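Engineer: One predicted model, sequence on top.
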Amino acid sequence: MYADLGIEFQGIARGDVDLMLGAWLPVTHAAYYARFKNDMDDIGVIYTGAKIGWAVPDYVPESEVSSIPDLNKPEVKSKLNSSIQGIEPGAGEMEASEKALKEYNLAGYNLIRASEAGMLSAVARAYDSKNWIVATVWSPHWLWQKYKMRYLKDPKGVLGGAEEIHGFASKQFTQKYPRANVSVRHFKLNLADVESIELDGNATNDWNAAAKKFVDTHPDKVQAWLAQ
């Protein structure tokens with residue numbers, strides 16, 4: 001199922017949902033975790049090295065824009081149309097981005113609220129015309145496989161550093177699905193794995209086929225997941 005993260009956390013805590021595999025800790029989803037942690041089972045870290053941040057295309061000269069404070073330069077602000085391309089209003093990254101606007105005193109900037117698809121479309125349009133853009137992005141994401149972009153340095157650490165992606169299960173999951181419970185606790189990926197699956201899925205809009213392709217080409221990983 002696909003759902004807003006808040007709904008996913010709530011569903012796990014209530015027992016309406018069995019599993020979720022995309023909780024970012026210790027920063028991005030900290031508020032949800034603090035609220036629901038006593039009603040969920042942490043099934044472990046699926047992969048590490050995830051992060052959120054603001055990024056620009058590589059054709060934007062690093063000599064002009066290398067860090068978030070550089071956005072205060074008048075000439076940079078003008079080329080960016082005083083805008084930062086965001087995603088859904090309820091996303092943890094948007095909350096962090098609102099904080100970054102204040103911490104770096106980015107007065108006059110507009111944090112644009114949009115869907116993930118809206119953000120990606122804005123990046124694509126900017127890339128096609130070589131216009132400047134700053135977007136709220138994250139790793140892993142297939143965007144990094146398709147476009148050459150770089151994160152802006154965040155000297156105050158407002159947007160957080162590297163994070164771990166955890167899976168959570170309902171309190172009933174272990175009893176309901178004992179064999180699956182063992183397998184999901186063995187389920188491990190890395191950033192390249194996730195981005196590869198996402199790139200294939202986005203290209204074909206067939207996410208089942210993308211997952212199957214990964215499984216078929218990584219038998220050793222699958223064996224490790226299925227070990228009892």
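Structural biologist: Good, I have the coordinates.

Engineer: Tell me which residues touch residue 77, please.
Structural biologist: Going by C-beta atoms under 8 Å, 6 or more residues apart in numbering, residue 77 touches 71, 108, 109. (C-beta placed from N, C-alpha, C; glycine too.)

Engineer: for the residue nearest the centre of the chain, phi and psi?
Structural biologist: By C-alpha atoms, centre = their mean, the mean C-alpha position of the chain lies nearest to residue 138, the distance being 4.3 Å. Recorded main-chain torsions at residue 138 are phi -160, psi 160, according to degrees, to the nearest 10.

Engineer: What of residue 136?
Structural biologist: Note on residue 136: backbone dihedrals following degrees, to the nearest 10 are phi -80, psi 120.

Engineer: What is the neighbour count of it?
Structural biologist: The local packing count at residue 136 equals 24, with neighbours defined by other C-beta atoms under 10 Å.

Engineer: Can you show me the helices along this structure?
Structural biologist: Secondary structure of the chain by DSSP state H: the helices cover 5-14, 30-36, 74-79, 92-103, 116-129, 143-146, 173-176, 178-186, 191-204, 207-217, 219-226.

Engineer: rewinding a little: among the contacts of residue 77, which lie within strands?
Structural biologist: The strands, defined by DSSP state E, take in nothing from the contacts of residue 77.

Engineer: so what's residue 44 closest to, chain neighbours aside?
Structural biologist: Spatially, and ignoring its direct neighbours in sequence, residue 44 is nearest to residue 185 (5.5 Å; C-beta to C-beta, 6 or more residues apart in numbering).

Engineer: was I right about the one you found contacting residue 42?
Structural biologist: No: taking contact to mean C-beta atoms under 8 Å, the distance of 9.9 Å between residue 185 and residue 42 leaves them out of contact.

Engineer: Over stretch 79-93, what's the mean pLDDT, rounded is fine.
Structural biologist: In this model, stretch 79-93 carries a mean pLDDT of 92.

Engineer: actually stretch 123-134, not the one I typed
Structural biologist: Mean predicted confidence for stretch 123-134 is 98.

Engineer: what about it, how long is it end to end?
Structural biologist: Between the start and the finish of stretch 123-134 there is a gap of 8 Å, counting by C-alpha to C-alpha, to the nearest Å.
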